[in-house]
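coords please:
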Amino acid sequence: MSSVALPNRAGRTALSGAAVLLAGFELFTAWQAIHPHVAPSYRAYFIDQTTTCLEQPVPGDYAFGTLISFRSGGEAQSRPVRVCGFEGPVGNGLHAVGESSRLRFKLPADAKGLTLMLELSAVDFSKTAQPVNVLVNGQNLGTVQVQTGPEQRFSFAVPDSALTPDHLLEVEMKYPEAIRVDPQDSNTRKRSIKLTAGSVTGAA
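Numbering: from 1, shown residues only. I've put the predicted structure just below:
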């Protein structure tokens, strides 16, 4: 009897161990599904859905002090600074989509006393002015009211305290009153403004 029981006991032990390993693997898989190791920008857009702007790895290459056209024909200058939140360009510029958009400018190491200029107009079907909150490297520079019709130029003084060691100027535009063209549209399809030109200049 004992010669038969021992293999059975060993078999039961092996099966129990396999069951524990399988349960552990399933728990690990479930944890990975709930807490995937992904880039913060990916998590914010796809998982947490805290932003409608999916970051693209653009370098921010920019000829400091020059005016960039964001209309069709200006792609060579505009493409390196467009991070996310835009469609186009077309003849009347880049169209913001979603609740925020971002630009990136690579600056000279000694750049100080900066002024950011954005040329904007509200989408034609906006019945009121579109408020645009502008931030640079996370620092709030203020909110402007963008009207429909002719483009308007807005200038923002960038405090030196907002500059970072990597010499990148991360510009974020938030649209708190962006419009759903269709009631079924998701937040990522909201409309607000058009961007036609921009620049970053330094103190003379």
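
mind giving me the domain split of the chain?
2-35, 52-201 (automatic domain parsing).

Between these, which one is closest to R43.
When those are compared by C-beta to C-beta, domain 2-35 sits nearest R43, at 9.7 Å. For glycine as for every other residue, the C-beta is placed from the backbone atoms N, C-alpha and C.

For the residue nearest the centre of the chain, which residues are in contact?
Centroid-nearest residue in the chain, with C-alpha atoms, centre = their mean: C53, separated by 3.5 Å. By C-beta atoms under 8 Å, 6 or more residues apart in numbering, the contact set of C53 is Y45, V83, C84, G85, G98, E99, S100, S101, R102, E172.

tell me the least confident of the residues you listed?
Of all the contacts of C53, Y45 has the smallest pLDDT value, namely 64.

one step back: and the domains of the chain, which is most packed in?
Of the domains of the chain, the one with the most neighbours on average (mean count of other C-beta atoms under 10 Å) is domain 52-201, at a mean of 17.

re the thing from before, which of the contacts of C53 fall in strands?
Among these, DSSP state E puts V83, C84, S100, S101, R102, E172 in strands.

Which of those residues sits closest to A203?
Using C-beta to C-beta, E172 comes nearest to A203 of those, at 23.3 Å.

V134 is in contact with the closest one, correct?
Yes - counting by C-beta atoms under 8 Å, E172 touches V134, with 7.4 Å between them.

hmm, back to that, now do the SS call for the residue nearest to the centre of the chain.
coil (DSSP: H, G, I helix; E, B strand; the rest coil).

residues touching G73, list them.
G73 neighbours (C-beta under 8 Å, 6+ apart): P89.

cool, R104 as well?
Applying C-beta under 8 Å, 6+ apart, we find R104 in contact with V58, P59, G60, V81, V83, L168, L169, E170, V171.

Which one of the domains of the chain has the poorest average confidence?
domain 2-35 (a mean of 58).

Next, work out how far apart G85 and T51 are.
According to C-beta to C-beta, to the nearest Å, G85 stands 9 Å off from T51.

helix or strand for S199, which one?
Element membership of S199 [criterion: DSSP states H and E] is strand 191-201.

mind listing the strands in this structure by residue range?
Using DSSP E, strands in the chain cover 68-69, 82-84, 86-90, 93-97, 100-106, 114-122, 130-136, 139-146, 152-158, 168-174, 191-201.

can those strands go into TSV with extra columns for distance to Q184?
Formatted as TSV, those follow (distance: least, C-beta to C-beta, whole Å):
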stretch	distance to Q184
strand 68-69	34
strand 82-84	23
strand 86-90	18
strand 93-97	15
strand 100-106	21
strand 114-122	22
strand 130-136	21
strand 139-146	26
strand 152-158	31
strand 168-174	23
strand 191-201	14
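
So for V181, which of those strands sits nearest?
V181 lies closest, by C-beta to C-beta, to one member of the strands of the chain: strand 191-201, at 5.9 Å.
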